[in-house]
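1. Requesting a structural model of the entry that follows:
(4 chains)
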2 protein chains.
Amino acid sequence: MKIGQLSELTGLSIDTLRYYEKIGLIEPPYRKSGQRLYDPDAVRWIDFLKALKATGMSLEDMKRYALMRAKGNATAANRRVMLETQHALVLKRIEELNACAALLDYKIANYHDIEARHEQADNRRNAR
Amino acid sequence: MKIGQLSELTGLSIDTLRYYEKIGLIEPPYRKSGQRLYDPDAVRWIDFLKALKATGMSLEDMKRYALMRAKGNATAANRRVMLETQHALVLKRIEELNACAALLDYKIANYHDIEARHEQADNRRNAR
DNA sequence: CTACGGGCTGGAGTGCGGTTCAGGTCAAGC
DNA sequence: GCTTGACCTGAACCGCACTCCAGCCCGTAG
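-> Next comes the predicted model:
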């Protein structure tokens, strides 16, 4: 498929796809008269990249992973370790977000209290 | 307290504190012969800013919040809505991260399988 | 044959969130 | 009174992850 289609399927812009190729995240695909023609498997790889990115991994680290992947089975253990590290980071981040959510809850409850008190005050004023 | 102490207490660099003041996140404090002297309450406000930031809120949005806060009680309801919006975003983000964690788990399990199979192959080779 | 849509390149530009720097001022301790 | 260390300002600079652009090529449809 051509780059436009890949862009549609993955949700990454054409520019981003070319950029990812340039920095080594995507293997340079076969070309026909200059134009990139991608294997359908590219979609799955890019979806995985998107997932890694969603975990907060930097493009730099993703590139390291991609490089190891290209080198084949000998790097499997190292890749696993990378994923495990990232997994731990994700769990940590989730914890952090849970804490933030709790704080927001607390603050929001406070605002509700404040608003309720103001309403009471208004009611008293209107009753006079 | 002086800016150095505030920096220690909040974990933000002196530069960042001055930057936050410049963009309107922190009220310009009282000064004595040019030097900023902060009220201890500043720590609590900055900790709150850090929490908002940890939720992924942009400095721009935090500034909007700070501006409303400075305007007093009349803005309480709007501020509450902002926090509620942010709360919803945090929950969504947590969901996303959970999904990513699950994918990583799956991939890691795959790698374990692959490594186990390689080990078996090695064992067979050594047995010959 | 020509117009058009899509793709190509290299390189410059963008937005965010700071960080660093040059060139000072000020206050406290020795 | 001099040194030291913390602090001041405005402006330039940084890394990341894109994003856009000019000017080109190519294949297909009308």
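2. residue ranges for the helices of chain A, please.
-> Assigned by DSSP state H, the helices in chain A fall at A:3-10, A:14-22, A:41-54, A:59-71, A:76-127.
3. name the helices or strands packed onto the last one?
-> By that I understand helix A:76-127. helix A:59-71, helix B:41-54, helix B:76-127 (3 or more CB pairs under 8 Å, 6 or more residues apart in numbering or on different chains; DSSP states H and E). Where you see a C-beta, it was placed from the backbone N, CA and C, and this is true even at glycine.
4. What residues does the spatially most central residue of chain A make contact with?
-> Using CA atoms, centre = their mean, the residue of chain A that lies closest to the mean C-alpha position is A:Ala54, 1.4 Å off. Neighbour list for A:Ala54: B:Glu96, B:Leu97, B:Cys100 [criterion: CB atoms under 8 Å, 6 or more residues apart in numbering or on different chains].
5. Buried ones from the residues you listed, can you make that a PyMOL selection?
-> Buried residues within these, by 16 or more other CB atoms under 10 Å in any protein chain shown, are selected in PyMOL with:
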select buried, chain B and resi 97+100
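6. Tell me where chain A is predicted with low confidence.
-> A:128 (pLDDT under 70).
7. List, one by one, the residues from it near DNA strand D.
-> A:Ser13, A:Asp15, A:Thr16, A:Tyr19, A:Ser33, A:Gly34, A:Lys53, A:Ser58, A:Leu59, A:Glu60 (CB under 7 Å from any atom of the strand).
8. let's see 10 Å
-> A:12-20, A:22-23, A:25, A:32-35, A:49-50, A:53, A:56-63 (CB under 10 Å from any atom of the strand).
9. Of those, which ones also sit close to DNA strand C?
-> A:Ile14, A:Asp15, A:Leu17, A:Arg18, A:Tyr19, A:Lys22, A:Lys32, A:Ser33, A:Gly34, A:Gln35.
10. So the fifth one versus A:Leu59, what's the distance?
-> A:Tyr19 sits 9 Å away from A:Leu59 when distances are taken as CB to CB, to the nearest Å.
11. Would you check that A:Arg31 makes contact with A:Leu37?
-> Yes - with contact defined as CB atoms under 8 Å, A:Arg31 reaches A:Leu37; the gap is 6.5 Å.
12. more neighbours, the two?
-> For A:Arg31 versus A:Leu37, neighbours defined as other CB atoms under 10 Å in any protein chain shown are more numerous around A:Leu37 (13 against 9).
13. Residue numbers of chain A in contact with DNA strand C?
-> Counting by CB under 10 Å from any atom of the strand, chain A sits next to DNA strand C at A:1-8, A:14-15, A:17-19, A:21-22, A:28-29, A:31-38.
14. Would you mind writing the ChimeraX command to select the buried ones in the residues you listed?
-> The ChimeraX selection below is limited to those of those classed as buried (16+ other CB under 10 Å):
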select /A:1,3,6,7,17,29,36,38
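15. Can you give me the neighbour number for A:Met62?
-> There are 20 residues near A:Met62, going by other CB under 10 Å.
16. who's in contact with it?
-> A:Leu25, A:Leu49, A:Leu52, A:Lys53.
17. Which residue, neighbours along the chain excluded, lies closest to it?
-> A:Leu52 (5.3 Å; CB to CB, 6 or more residues apart in numbering or on different chains).
18. I'd like the distance between the one you found and B:His112.
-> 19 Å.
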